[in-house]
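>>> Fold the following.
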Amino acid sequence: MAGMRMASPLLALREGYSAAAVGVLLSLYALTRVFWRCPPAGMPTGTG
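Numbers count the residues shown, from 1 in each chain. You can find the predicted model right below:
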């Protein structure tokens, strides 16, 4: 994931995408990490 986070913006800039599009791409990577760390809401906790 770290390699993709570094390579994707550089590839997007080289392909001619705007800085705003690259910023959206980086924010999607950040949101992906946030959602991966949050447990699902309906997951049982095992406490009863």
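>>> and Arg14, what pLDDT?
Arg14 is assigned a predicted lDDT (pLDDT) of 94.
>>> where does it fall, helix, sheet strand or coil?
Of the three states, Arg14 takes helix under DSSP: H, G, I helix; E, B strand; the rest coil.
>>> okay, now it: neighbour count?
By other C-beta atoms under 10 Å, the residues close to Arg14 number 8. Placement of C-beta: from N, CA and C, glycine included.
>>> and Pro44, what pLDDT?
Predicted confidence (pLDDT) at Pro44: the value is 61.
>>> And Val34, by the same measure?
At Val34 the predicted local confidence, pLDDT, stands at 78.
>>> which stretch of helix or strand covers it?
If you go by DSSP states H and E, Val34 is part of helix 19-37.
>>> Just the buried positions in that helix, please.
When burial is assessed from 16 or more other C-beta atoms under 10 Å, helix 19-37 yields the following buried residues: Val22.
>>> Show me what it is in contact with.
The contact list for helix 19-37, computed with C-beta atoms under 8 Å, 6 or more residues apart in numbering, reads 1, 4-5, 8-9, 12-13.
>>> Lovely, talk soon.
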